[in-house]
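A.B. asks: Got a predicted model here, sequence first, then my questions.
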Amino acid sequence: MAPVNQSAITMFILQNFVDDPWIQDVLFCLLFALFMAAIAGNGLIIATIHSSPNLHTPMYFFLVNLALMDMICTVTVLPKVLQSLVAENSISYGGCLIQMFVFSWVLGSELLLFSAMAYDRYLAICRPLHYGTLMSGRVCVALATFVWFIGALNSLVLTCLVLPLSFCGSNLIAHFFCEIPSVLILSCSPTFINNVMTVIADMFLTGLNFLLTMTSYVFIISSILRIRSAEGKKRAFSTCSAHLVVVTLYYSTALYTYVRPALGTAGLLDKVIAIPYTTVTPSLNPLIYTLRNKEFKTSFKKLLFPR
């Protein structure tokens, strides 16, 4: 059979987690619950911060950006996953490209945003006297613009590199959504350039940002340990611990996502690795960032129960 050029491809088939109908029903209910939790939770974060002038600070500004990214990620991936569990599990070639671009855009932007959030916490704790000047409203907007733009540029390059590829043989994607590494495996064209670019993206978005974030936290923890009062230490740790938990989860899974093309592996492990940053983390972020935040909880209660 002659190779089929990408222009002749009309659709891909997404592989479900399992073939057992009963387990698929259970997964549908679980993923639908996570979908609703992600949309509702992140939506409430944005609404609460927007309606509360006391929360109009750099830390919450970046949290709004994170909530927006989580919502976009959820809407990009989960609806198609839910559809494939109960009905059609195919996706058009164009739809696959769009899903690849948007997901890579959001993932890359979140990794950059974590560095910006760590830098914000570093200035707030280590250089409090200069915090207002160094993290002004203009600086916050500039950082957020940089994060969204570089994430989009990175995704645009990686997605455009898929366009010239030819696909032959099976059009079954061994994943529950169109992630660039999973689509590359189906190509019968050389993917050396694609793999090189994913490694570069890994070094910049994952490696460099992880180094910057961890460096910030070394200074932060060092400063916190010098605080004499137990209450001061507790408050400082509470503002950073949530971010550190989310960062660790994201970087560990994102590193595998970018490195895996060079390893040439695919299958169930890819799906398991993808679950945290596509479904679980967007759903849990609202709780992780606000559960121990008294300031946010007070504003949230005022939003729900205005006097």
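C.D. replies: Yes, it's here.
A.B. asks: Can you dump the C-alpha atoms of stretch 79-91 in PDB for me?
C.D. replies: Provided in PDB are the C-alpha atoms of stretch 79-91 (Å, rounded to 0.1, in the frame of the first residue of the first chain):
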ATOM      1  CA  PRO A  79     -15.000  17.200  25.900                       C
ATOM      2  CA  LYS A  80     -13.500  15.100  23.100                       C
ATOM      3  CA  VAL A  81     -12.300  12.500  25.600                       C
ATOM      4  CA  LEU A  82     -15.900  12.300  27.100                       C
ATOM      5  CA  GLN A  83     -17.300  12.000  23.600                       C
ATOM      6  CA  SER A  84     -14.900   9.100  22.700                       C
ATOM      7  CA  LEU A  85     -16.000   7.200  25.800                       C
ATOM      8  CA  VAL A  86     -19.700   7.100  24.800                       C
ATOM      9  CA  ALA A  87     -19.800   7.700  21.100                       C
ATOM     10  CA  GLU A  88     -17.500   8.700  18.200                       C
ATOM     11  CA  ASN A  89     -13.800   8.400  19.000                       C
ATOM     12  CA  SER A  90     -12.500  10.000  15.800                       C
ATOM     13  CA  ILE A  91     -11.200  13.500  15.300                       C
END
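A.B. asks: can you tell me the average pLDDT over that stretch?
C.D. replies: For stretch 79-91, mean pLDDT is 88.
A.B. asks: ok, and for it, which residues are buried?
C.D. replies: 80-82, 84-85, 89-91 (16 or more other C-beta atoms under 10 Å). (Each C-beta comes from the backbone N, C-alpha and C, glycine too.)
A.B. asks: If we only consider those residues, which is nearest to residue 206?
C.D. replies: Nearest to residue 206 out of the buried residues of stretch 79-91 is residue 81 (C-beta to C-beta; 24.0 Å).
A.B. asks: which parts of the helix or strand hosting the closest one are buried?
C.D. replies: Element membership for residue 81, per DSSP states H and E: helix 58-86. Neighbour counts using 16+ other C-beta under 10 Å place 58-78, 80-82, 84-85 of helix 58-86 among the buried residues.
A.B. asks: Closest one of the buried residues of stretch 79-91 to residue 10?
C.D. replies: Closest to residue 10, out of all of the buried residues of stretch 79-91 and judged by C-beta to C-beta, is residue 90, at 9.2 Å.
A.B. asks: With adjacent residues omitted, what lies nearest to the closest one?
C.D. replies: residue 11 (4.7 Å; C-beta to C-beta, 6 or more residues apart in numbering).
A.B. asks: for residue 184, same thing?
C.D. replies: residue 191 (4.9 Å).
A.B. asks: pretty sure the one you found is in contact with residue 165, am I right?
C.D. replies: Yes: Residue 191 is within contact range of residue 165, at 7.0 Å (criterion: C-beta atoms under 8 Å).
A.B. asks: intersection of neighbour lists for these two?
C.D. replies: residue 184 (C-beta atoms under 8 Å, 6 or more residues apart in numbering).
A.B. asks: what distance separates stretch 71-87 from the centre of its chain?
C.D. replies: Distance of stretch 71-87 from the chain centroid (C-alpha atoms, centre = their mean, to the nearest Å) equals 15 Å.
A.B. asks: And the helices in the stretch 101-250 of the chain, which stretches?
C.D. replies: With DSSP state H, counting those that start in this stretch applied, the stretch 101-250 of the chain shows helices at 131-134, 137-160, 180-184, 192-201, 209-225, 230-263, listed in chain order.
A.B. asks: what's the third one packed up against?
C.D. replies: Meaning helix 180-184. helix 93-126, helix 192-201, helix 230-263 (3 or more C-beta pairs under 8 Å, 6 or more residues apart in numbering; DSSP states H and E).
A.B. asks: can you tell me which of those the model trusts least?
C.D. replies: Looking at the helices and strands packed on helix 180-184, the bottom one is helix 230-263 with a mean of 68.
A.B. asks: Any buried residues in the helix or strand hosting residue 289, and which?
C.D. replies: In this structure, residue 289 is located in helix 281-290 according to DSSP H and E. Buried residues in helix 281-290, counted by 16+ other C-beta under 10 Å: 281-286, 288-290.
A.B. asks: okay, now residue 237: neighbour count?
C.D. replies: Look at residue 237: counted by other C-beta atoms under 10 Å, it has 17 neighbours.
A.B. asks: how about it, what does it touch?
C.D. replies: residue 224.
A.B. asks: quick revisit: okay, the residue nearest to residue 90 and residue 178: tell me how far apart.
C.D. replies: 11 Å (C-beta to C-beta, to the nearest Å).
A.B. asks: for residue 221, same thing?
C.D. replies: From residue 221 to residue 178 the distance is 39 Å (C-beta to C-beta).
A.B. asks: between these two, which one's more packed in?
C.D. replies: residue 178 (25 against 15).
A.B. asks: Done for today, thanks.
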